[in-house]
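A.B. asks: starting from these lines, generate the structure:
(2 chains)
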Amino acid sequence: MQTPDARPMFDTDELVINMGPQHPSTHGVLRLVLKLDGEKVRDCDAVIGYLHRGVEKLCESRDYTQVVLITDRMDYVAAATNNLGYVETVEKLMSLEVPRRALYIRTILSELQRVASHLLWLGTHAADIGALTVLLFGLRERELILDLFEEYCGARLTYNTMRIGGQPWDVQPGWDKKVLQFCDIQEQKLPEYEQLLTSNRIWMERTNDVGVISAADAIAIGLCGPPLRASGVARDVRKDEPYAAYAEMDFDVPIGVKGDTYDRYLVRLEEFRQSLRIIRQAVQGLPEGPIMGKVPRLIKPPAGETYHAIEAPKGEIGYFIASDGKSASPYRLRVRPPSFCNLQALRQLVRGHLIADVVALIGTIDIVLGEVDR
Amino acid sequence: MGVGRGTGMSDEQTPTPDATPAASVPAGAPADADKPAAVKPEAAAAPKPEGAPKPAAKPAAPKPAAPPAPIVPPDPAPPADTPFPLFIQAVQASFEDDVEHVSYFVGDWAIIVKPSRLVEIVTFLRDENGCKFDYLSDLTAADWPARTDRRFDVILCLYSTKLKHRVRVKVRVADGEAVPSVTGVWPAANWLEREVWDMFGVPFSGHPDLRRILMPLDWQGHPQRKDYPLEGPGELLLENPQEWLKARSAVVEAEIK
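C.D. replies: Below is the predicted model:
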């Protein structure tokens, strides 16, 4: 990237600047060291670890039931899917049978969580680019979901709402009707966001052809979730390796064409509709029966290792658990954090773009630093 | 658990169980205010006797020495009636001497290979028809100090976006022994290998940028190792900071030398 017609008296030097860790658009404590040529970004190094709490190490001294609570604190805007990934991994390790009703409740909760997480993403991403109204709209609907969660489990952010072998609580009478009502409200509100953004000239200028990544590159760099699908890879753990009750649900996996920021926006917007579709099916088909399977009083999986992944709002969240068969706490617990793997692609995405686009690109990969640093 | 659900229902219901002794709603507030006050002396008194014996008990109870039973990773061999999937057969055919073991547990296949041929084997797994493991899901490590000769497992979780199957590739290495980096096969391995280096101290040869990633750059030690201390300096830092500083710098100097 050479400066055209560089006159000797206006020589440009490369400038290294720090963005963050206390920068409102970095969504937490992310520090980017940017190497600039004028206003163009030539290279970028992400410095992370400011929120490192040693979650994986901490789990080694907690028993299997207590770990559910710790998983809440990783991706704190999508705690239910973190719980789900963990409990399913332990269930796989112990070969436990989970009742169908519990699987359906889990499906409803994780899809509600996906809508809530995408709403927060939409709001903050649009606010970063300059459309503040969408943030207010997004938080308005997210509040309804938090109310539903509060009615189900009593918490609004860190839910701790799943147990190994089933669900701790059955749904309240009338809760399912409220969920369906919410689906109707959300369906009506989606055109409002689209009206503000989808054909907005400024939004399109800021997102079209920004941070293009091809399908092959996206797979190689390990992108997951909506950013991977926006590059045209129809990869969704819900479809490819069905868990919970997703095998019985009818839904589509939206994919993008170009793999730019605008495509990632469109993919997530369509995922709202698909999530609502799944919620409606799961609520209407909610089977009767027990919510807790047969679980030993002391959870002590047999010696062995396993890796299990689910589709969190941000991408594939995987848990690798090694059990020694002797203790009641995991010998080794590893979380494959989707935000961490997506953030790694940022360097590739921002090269050659303007500083203002960096803000858009941090928003588009949808990271939560609590999960990146763990 | 069932009781806990009721508390989240609405704000009006929550005070009622607590305020049952109080006759009316306005009386509830002082009653609640009294309760913490009554609890406080107990709570304040309770930690003190607990806190006092603790420092005495700490050096006496060597926790890491408590489980002396040798713990080694279980890599169960597949049952005799389970046929190997085609991709494992292909690897076994092409790298006969380099596959140490094939294990199967709760539906997961894992291949344990020799570290020296890791890059060739994963390249084969990525490119070969019938394997096509093009997506590196995860790269991590586990520390098994009981296995004294080769203490660390480095684990690669591979996935195929085309054929939609999974396999894990494992290598076992000794402390300080380098693992060939797979960043040339999947750029995704870059940060994952940095994290393994940071947390376990397993070096990767051929990695373009092997720095710490989560811990500060000047950090000493590798926190995810099993012998890494779980507790900080504890009482010594509070009681005698000068002594603590001396002890700490002695350790640092010894490491630099």
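
A.B. asks: please make it C-alpha for all contacts and neighbour counts, starting now.
C.D. replies: Noted.

A.B. asks: tell me the phi and psi of the closest residue to chain B within the stretch 51-200 of chain A?
C.D. replies: The stretch 51-200 of chain A approaches chain B most closely through A:G154 (3.7 Å), counting by Cα to the nearest Cα. The phi and psi values for A:G154, taken as degrees, to the nearest 10, are phi 90, psi -10.

A.B. asks: what's around it, how many residues?
C.D. replies: By the criterion of other Cα atoms under 10 Å in any protein chain shown, A:G154 has 22 neighbours.

A.B. asks: how about B:T183: what's its closest non-neighbour residue?
C.D. replies: B:A189 (5.1 Å; Cα to Cα, 6 or more residues apart in numbering or on different chains).

A.B. asks: wait, that neighbour sits on B:T140?
C.D. replies: No. The pair B:A189 / B:T140 is not scored as a contact, 9.8 Å apart, by Cα atoms under 8 Å.

A.B. asks: show me the helices in the stretch 151-300 of chain A, by range?
C.D. replies: Taking DSSP state H, counting those that start in this stretch as the test, the helices found in the stretch 151-300 of chain A are A:175-197, A:201-207, A:215-221, A:226-230, A:237-240, A:261-284.

A.B. asks: make CSV out of those and add distance to chain B, mean neighbour count and mean pLDDT.
C.D. replies: Shown next, in CSV, are the helices of the stretch 151-300 of chain A (distance: least, Cα to the nearest Cα, whole Å; neighbours: other Cα atoms under 10 Å in any protein chain shown; pLDDT from 0 to 100):
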stretch, distance to chain B, mean neighbour count, mean pLDDT
helix A:175-197, 11, 15, 91
helix A:201-207, 25, 14, 89
helix A:215-221, 4, 20, 91
helix A:226-230, 11, 29, 92
helix A:237-240, 7, 18, 90
helix A:261-284, 19, 21, 92
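
A.B. asks: residues from the stretch 151-257 of chain B in reach of chain A?
C.D. replies: Listed as neighbours of chain A in the stretch 151-257 of chain B under the rule Cα under 8 Å from any Cα of the partner chain: B:157, B:161, B:164, B:186-189, B:191, B:213-216, B:223-224.

A.B. asks: report the buried members of those.
C.D. replies: For those, a burial check counting by 16 or more other Cα atoms under 10 Å in any protein chain shown picks out B:157, B:161, B:186-189, B:191, B:213-215, B:223-224.

A.B. asks: so what's the residue count around the nearest residue to B:P78 once chain neighbours are set aside?
C.D. replies: Closest residue to B:P78 apart from its sequence neighbours, by Cα to Cα, 6+ apart: B:Y104 at 4.8 Å. Other residues lying near B:Y104 total 19 when counted by other Cα under 10 Å.

A.B. asks: surely B:Y104 is in contact with B:P76?
C.D. replies: Yes. The pair B:Y104 / B:P76 is scored as a contact, 6.1 Å apart, by Cα under 8 Å.

A.B. asks: where in chain A is pLDDT low?
C.D. replies: A:1-12 (pLDDT under 70).

A.B. asks: please name the nearest non-neighbouring residue to the most centrally placed residue in it.
C.D. replies: With distances taken as Cα atoms, centre = their mean, the residue of chain A nearest its centroid is A:K314 (2.1 Å). Excluding its sequence neighbours, the residue lying closest to A:K314 (Cα to Cα, 6+ apart) is A:G225, at 5.6 Å.

A.B. asks: so the one you found sits right up against A:I317, yeah?
C.D. replies: No. The pair A:G225 and A:I317 fails to qualify as a contact (Cα under 8 Å) at a distance of 9.3 Å.

A.B. asks: which neighbours do those two have in common?
C.D. replies: Common neighbours of A:G225 and A:I317, counting by Cα atoms under 8 Å, 6 or more residues apart in numbering or on different chains, are A:311, A:338.

A.B. asks: tell me, how many residues neighbour the closest residue to B:L237 other than its chain neighbours?
C.D. replies: Closest residue to B:L237 apart from its sequence neighbours, by Cα to Cα, 6+ apart: B:W244 at 5.4 Å. Using other Cα under 10 Å, B:W244 has 17 other residues around it.

A.B. asks: circling back to that earlier point, let me see the contact set for the residue nearest to the centre of chain A.
C.D. replies: Taking Cα under 8 Å, 6+ apart as the test, what A:K314 contacts is A:224-226, A:338-339, A:366-367.

A.B. asks: so which of these belong to strands?
C.D. replies: Per DSSP state E, strands hold no members of the contacts of A:K314.

A.B. asks: and B:K246, which helix or strand is it part of?
C.D. replies: With secondary structure defined by DSSP states H and E, B:K246 is part of helix B:241-256.

A.B. asks: I should have written A:D43 there, sorry.
C.D. replies: Judged by DSSP H and E, A:D43 forms part of strand A:40-47.

A.B. asks: that strand near chain B anywhere?
C.D. replies: Yes. Using Cα under 8 Å from any Cα, strand A:40-47 reaches chain B at A:V47.

A.B. asks: show me the contact partners of that strand.
C.D. replies: Against strand A:40-47 from outside (Cα under 8 Å, 6+ apart): A:30-36, A:347, A:350-355, B:213.

A.B. asks: of those, select the buried ones using a PyMOL command.
C.D. replies: Selecting only the buried entries of the contacts of strand A:40-47 in PyMOL, with 16+ other Cα under 10 Å as the criterion:
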select buried, (chain A and resi 30+31+32+33+34+35+36+347+350+351+352+353+354+355) or (chain B and resi 213)
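
A.B. asks: where does the stretch 1-150 of chain B have low pLDDT?
C.D. replies: Applying pLDDT under 70 to the stretch 1-150 of chain B flags the ranges B:1-70.
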